[in-house]
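Colleague: structure for the following, please:
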Amino acid sequence: MAALIRRLAGQRCCSSRRWLGVILRETHDRTSSVIPRVGARPLAGGGRPLTACSRAHSRWQHTEAADPVEVDVKRLEGEDDGIVEVLMCRLKARNALGHVFVSQMRELVSTLSSDPAVRVVVFRSLVPGVFCAGADLKERAEMNNAESDLFVHGLRSLMTQIASLPMPTIAGMDGVALGGGLELALACDLRTAASSAQMGLIETTRGLLPGAGGSQRLPRMVGITLAKELIFTGRRVGGQTALEMGLVNRAVEQNQTGDAAYREALSLAREILPQAPIAVRMAKEAMNRGVEVDIGSAMAIERMCYARVIPTRDRREGMAAFIEKRPPRYIGE
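Modeller: As a prediction, the model looks like this:
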């Protein structure tokens, strides 16, 4: 019996190491990715939504059977064409950041990053009352120290991948966003929250510290003193308090359908959508790169980004529309 137990334990350990190996290889492949040139190849299939079927034979599988869909994507149409929603739908685990969830999110974000037809990305949850509950503690409990460090490194690279998306990103938080869940929202450019939502970097209450970028992004967002208070105490705050701190851009009362923050995020996306997409992307790059350097270097970055919009058809269209006193019709070229 003892020999059987040892053999079963060894199999579980090997299985754990196999999928961690997948994460390490994908982390190595994608951590050094750069913002693509405008005009990169769009999504295969003419921009149709990704589905479970389209992922059934992807290299992200860790078993012979297809993984359940935990992250999906929806392209809006009509007047909202250009807005893409990233749908988090790991219902039973409250969108916890397990290895399947992270792998599917990484694959999806990588695909969106090279698609010039995408103008705004909205991250939302399909799980009632939850945006993302953070780490999958059941999976984490099965890892040794080295495996845990490796997995968190993969999480950190995923958040960097989200932050590096060339188009504006918005997180609509209609429920709990804790630990890695809030770190995912912090990796987005903008955030909306229901006033009833609860969010916080609670890692110190678990004997940890934020490890997926939160210890660096939160101070840049709310200031070092307030960030230290929030992280040292592991405090959770509601949507209205988060707005007052500068942690979110907009806070709204929750509605009967439980998706008020998503609707506010969609409203914000619709404000961005009519603007010249290349100019918006270059403005994002100028701000993201400029904030990390001295003012002189930041001005040089702004000049470089500005130079990239001068030869575009959209700039000429913007000037013509102003002179002709009509709304501009931007095409992203």
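Colleague: Three-state assignment for Glu292, please.
Modeller: Going by DSSP: H, G, I helix; E, B strand; the rest coil, the secondary structure assigned to Glu292 is coil.
Colleague: show me what contacts Leu158?
Modeller: For Leu158, the contact set (CB atoms under 8 Å, 6 or more residues apart in numbering) comprises 102, 105-106, 109, 212. Using the backbone N, CA and C atoms, a C-beta is placed for each residue, glycine as well.
Colleague: and which of these is nearest Ile231?
Modeller: Ala212 (13.1 Å; CB to CB).
Colleague: and the closest one, backbone torsions?
Modeller: When read as degrees, to the nearest 10, the backbone of Ala212 gives phi -120, psi 40.
Colleague: in the protein, which helix or strand is least confident?
Modeller: Counting by mean pLDDT, DSSP states H and E, the chain has its least confident helix or strand at helix 2-30, which shows a mean of 43.
Colleague: next structured bit after it?
Modeller: Sequence order places strand 71-75 as the next helix or strand after helix 2-30, per DSSP states H and E.
Colleague: the very next helix or strand once past that following strand pairs with which strands, parallel or anti?
Modeller: Sequence-wise, the next helix or strand downstream of strand 71-75 (DSSP H and E) is strand 83-88. Counting by DSSP bridges, the strands paired with strand 83-88 are strand 71-75 (antiparallel), strand 120-125 (parallel).
Colleague: isn't Ala212 right up against Met159?
Modeller: Yes: because the distance of 4.9 Å satisfies CB atoms under 8 Å, Ala212 is recorded as touching Met159.
Colleague: between the two, which contacts overlap?
Modeller: 183-184.
Colleague: starting at the chain centroid, how far to stretch 126-144?
Modeller: Its chain's C-alpha centre and that of stretch 126-144 lie 16 Å apart, by CA atoms, centre = their mean, to the nearest Å.
Colleague: what residues sit buried inside it?
Modeller: 127, 130-136, 139-140, 143 (16 or more other CB atoms under 10 Å).
Colleague: in helices, which of those appear?
Modeller: Cross-referencing those against helices under DSSP state H gives 139-140.
Colleague: so which of the buried residues of stretch 126-144 is the closest to Pro328?
Modeller: When the buried residues of stretch 126-144 are compared against Pro328 (criterion: CB to CB), the nearest one is Phe131, at 34.6 Å.
Colleague: ok, now which ones touch the closest one?
Modeller: 88, 95, 124-125, 171-177, 181, 185, 197, 199.
Colleague: okay, and the spatially most central residue of the chain sits in which element?
Modeller: The residue lying closest to the centre of the chain (CA atoms, centre = their mean) is Ile162, at 4.2 Å. Element membership for Ile162 (DSSP H and E) is helix 145-163.
Colleague: flag every buried residue along that helix.
Modeller: Those would be 147-148, 150-159, 161-162, for helix 145-163 by 16+ other CB under 10 Å.
Colleague: what do you get for stretch 251-267?
Modeller: Buried residues in stretch 251-267 (16+ other CB under 10 Å): 251-252, 254, 259-266.
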